[in-house]
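Q: Quick one, what's the 3D model for this:
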Amino acid sequence: MVEAVIEAVRINVVNDQHVVILKEATGPRVVPIWIGPDVAHAIAIVLRGDEVSRPMTHDLLRATILEMGGTIHRAIINDLKDSIFFAIIEVDQDGRRLQIDARSSDALALAVRAQCPIFVEEHVLDQAGFAMPTEEGDTTDPTAGQQPEPIDNERLSVFREFINNLDIDDPKREN
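A: Now for the predicted structure:
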């Protein structure tokens, strides 16, 4: 398993699809996961630090788990079948580790609220992940100088096309 962070939540302006982009915490690979607009909004408001007047569904789930004596340990994107991502939420309760099946988007929305780590199984990264190009002179790539693994361009073309159509502002350029 590889720890990941939510790099961004974006909307494709061409087809109005929402995507959350997970990035390896210590590596260059990203995994785009298409999600519904409601969950995209639920994740984005937490990432922006916005306040909501009443609990949203994922806030309610978090509060319920905590009220029942549980601790949200981590979210794991654990499989990819027929272009559908699968996830589990690990909860510690009374000395037991529970694994709760979840949609990947719901697991991510709960993870940002619980401020718990997010992990992606290596085989999922192998299937759906790809390295984002680094800026010239960027030496933070831990795989720099290593031979890259062969890339299945046909499989990744749908992700590249989607990402290339995103309307993304570069915050480094705005400063």
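Q: contacting residues for the residue of the chain positioned farthest from its centre?
A: For the chain, the residue at maximal distance from the C-alpha centroid (Cα atoms, centre = their mean) is D94, at 28.4 Å. Applying Cβ atoms under 8 Å, 6 or more residues apart in numbering, we find D94 in contact with G69. Any C-beta I mention is one placed from the backbone N, CA and C, and that applies to glycine too.
Q: Adjacent strands (with direction) for the helix or strand harbouring I11?
A: I11 is part of strand 2-11, with elements assigned from DSSP states H and E. Strand pairing for strand 2-11, using DSSP bridges, gives strand 18-24 (antiparallel), strand 118-120 (antiparallel).
Q: before we move on, the earlier item: per-residue confidence for the residue farthest from the centre of the chain?
A: As predicted, D94 sits at a pLDDT of 94.
Q: Against A131, how distant is the residue lying closest to V14 once chain neighbours are set aside?
A: Once flanking residues are discounted, V14 sits nearest to N165: 4.9 Å by Cβ to Cβ, 6 or more residues apart in numbering. With distances taken as Cβ to Cβ, to the nearest Å, N165 is found 19 Å from A131.
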